[in-house]
Structure formats: C-alpha cells, structure tokens
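Participant: 3D, please:
(one chain, ligands or ions: 1)
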Amino acid sequence: MPIRYNYVIGDLQGCFTALQALLEHIEFDEKHDHLWFAGDLVARGEDSLATLRFVKKLCENDVAHTVLGNHDLHLLAVWRGFGKLKKNDRTAPIFDAPDVAALLNWLRKQPLLLRPNPDHVLTHAGLPHCWTTELAESLAFEVALALRGNFLELDRFLENMYGNQPDVWSEGLTGEARLRVITNYFTRMRLVDDIGRLEFDFKAGLDAPMPAGFVPWFDKIPQVPRTEKVLFGHWAALEGAGQMKTTIPLDGGCVWGGSLVAYRLEDGQRFSTAEGCGLG
Ligand SMILES: [Mn+2]
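Facilitator: Down below sits the predicted model:
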C-alpha cells in the first residue's frame, strides 16, 4: 500500500494530549500515513514520557521519523550526568521509568537532519545560509556518529556540547568545537549575521527589535541557492505562522498556549490543534 500522506509535525515538548488531538484531526492512519517530527519531543508539556514512548514506537514501526532538538539533547546530557533538569522541564518521570535506557538509547540514534523527500529538508532549528544542503547533511552525520557511538564517545560529545563558542562556522574547526558549533546551528539557531555568526539571546517574534547586524536565519539567501524547502521548529514566537516561500516554520508554541502544527508535504496544507496545552 503506497503512503497516502506525509505530515511534518512541530515541537511536541511532551504535549501528549495535543499530539493525540492533532492526529485525530488529520485522521492519521498508521497504515497509510507517515509522520516526521521536528524534534524537541520532550520538555515542558504534561507527559514527556508518554510522548517519547509513543514516538519511539511509531519510528520503530517505520511509520515516523524524528530529528533531534536542543531539549532532546539536553535530556541525553542529564541522563549521562552532564546537565541538570531545567526548572520548567517535566521530564523527571523518564529517568524513573523502567524503560529509560531503551528510550534514551533509541533517542540518541536519531539524526539532526532528515530528507522527507527530495524537495524538503527537516532540521530542528533550520539551515544557515553559509551551508549548502549537501554540506549540512554531512555535518549532521558527524554529530550523529558521536551520539550513536559507544558511551565513551557519547559522553565526550555531551560533556563538550554546551557553550556558545565558536559562534560561527569555519571549515577549519576540529574536534569538540566543531561538533558544538554544528549542533548549535541545527538545534539553537534563530538569528545570524552576514557571515552566519549565531546570536543566542533573541527569542522573541519578528516584530521585536533584533540585535544590530543580525536577522532571522531564513532572511539570508543561501550562498549556493537551495532547491529544497527547509522545514523547522524551535522558534515558538513565530507561532508556526507565515508560510514562507522556501522555509516552513512548524513550532506553533503548543506548550506556550499556541497550537501544535502539522504540515502536509503533498499539498502544503497546514493543520493545527484548536489550542495548545498552555502550560508555559
Ligand atoms: Mn528547540
């Protein structure tokens, strides 16, 4: 049976009830449809554990795929002892669950970039204009290799993952600094400057004043024109709105009282829950 529809879904953040409502709304059918998640499966929503279990099962059944977001990486770091739960994270039950190792060993094997079809690229935060899509694919794979390696490799990566430096891509970077900046582009990027330097403080919407010299990453024209559309989550203040020409925001800010968004690849139609879980 050929796939009927592919839906790309924005940041779940543990909003399990909203996910179920959205799947009902799009009449998701495991036998015929396929789901693509933009990462940040867990964090502040009401049931990160149920969300993680649900998405893992779909992925293992080859019904869904997900990329990793900053909250997913943070979950892995806490698990391995390199981070602490954030004040508003409601992920503690994951660490007490009998299947914690299975869940997190599965999570760490998920990629930072996916190609749902030849016309689309999916990452958690987007793609900077200084990378071709091909380069991005190979850089995402460098990080994925560290994440899915043995615990020594995983721990070395997680221990060095945090930090804002270097804040700009350069081909000559090596080792942990290289993996850190790649990870920051894929999972934390919002604003960049002309050379692709990252800015880490701005989280507001597009009508808010931005630091001098910085613009949203999607306002920069790729140095090598991209033929693919870029699907991304992470930036809740965009509210998943504004179907732009070449970039498609998917984080409807569900956990902040917005909505959970699904984008149908076949026709570009957007679907969303009536309201988010509003826990923020
Ligand atoms: Mn995020």
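Participant: When you work out contacts or count neighbours from here on, use the C-alpha atoms and nothing else.
Facilitator: Will do.
Participant: what's next to stretch 19-38, contact-wise?
Facilitator: Stretch 19-38 is contacted by residues 1-12, 63-69, 116, 122-124, 231-233, 250, 260-262, 271-273 when judged by C-alpha atoms under 8 Å, 6 or more residues apart in numbering.
Participant: cool, stretch 126-134 as well?
Facilitator: 136, 185-187, 189, 192, 195-196, 217-218, 220-226, 230-233.
Participant: pretty sure residue 231 contacts residue 120?
Facilitator: Yes. Residue 231 is within contact range of residue 120, at 7.0 Å (criterion: C-alpha atoms under 8 Å).
Participant: Who has more neighbours out of these two?
Facilitator: Under the criterion of other C-alpha atoms under 10 Å, the comparison of residue 231 against residue 120 puts residue 231 first, with 26 against 17.
Participant: Which neighbouring elements make contact with the helix or strand that contains the more buried one?
Facilitator: Applying DSSP states H and E as the criterion places residue 231 in strand 229-232. Helices and strands touching strand 229-232, by 3 or more C-alpha pairs under 8 Å, 6 or more residues apart in numbering; DSSP states H and E, are strand 120-123, strand 247-249.
Participant: Touching the first one from outside, list them.
Facilitator: Here strand 120-123 makes contact (C-alpha under 8 Å, 6+ apart) with 38-39, 67-68, 112-116, 186-187, 228-233.
Participant: How many residues are close by the residue of the stretch 101-250 of the chain found nearest the ion?
Facilitator: As assessed by C-alpha to the ion, the ion sits closest to residue 234 within the stretch 101-250 of the chain, at 3.8 Å. By the criterion of other C-alpha under 10 Å, residue 234 has 30 neighbours.
Participant: For the closest residue to residue 125 other than its chain neighbours, give me its contacts.
Facilitator: Sequence neighbours aside, residue 187 is the residue nearest to residue 125 in space, at 4.9 Å (criterion: C-alpha to C-alpha, 6 or more residues apart in numbering). By C-alpha under 8 Å, 6+ apart, residue 187 lies in contact with 68-70, 123-126, 234.
Participant: repeat for residue 52
Facilitator: Going by C-alpha under 8 Å, 6+ apart, residue 52 touches 14, 41-42, 103.
Participant: quick one: low-confidence parts of the stretch 1-150 of the chain?
Facilitator: Residues of the stretch 1-150 of the chain meeting the criterion pLDDT under 70: 1.
Participant: Can you show me the strands along it?
Facilitator: Ranges of strands within the stretch 1-150 of the chain are 5-9, 33-37, 64-66, 113-117, 120-123, based on DSSP state E, counting those that start in this stretch.
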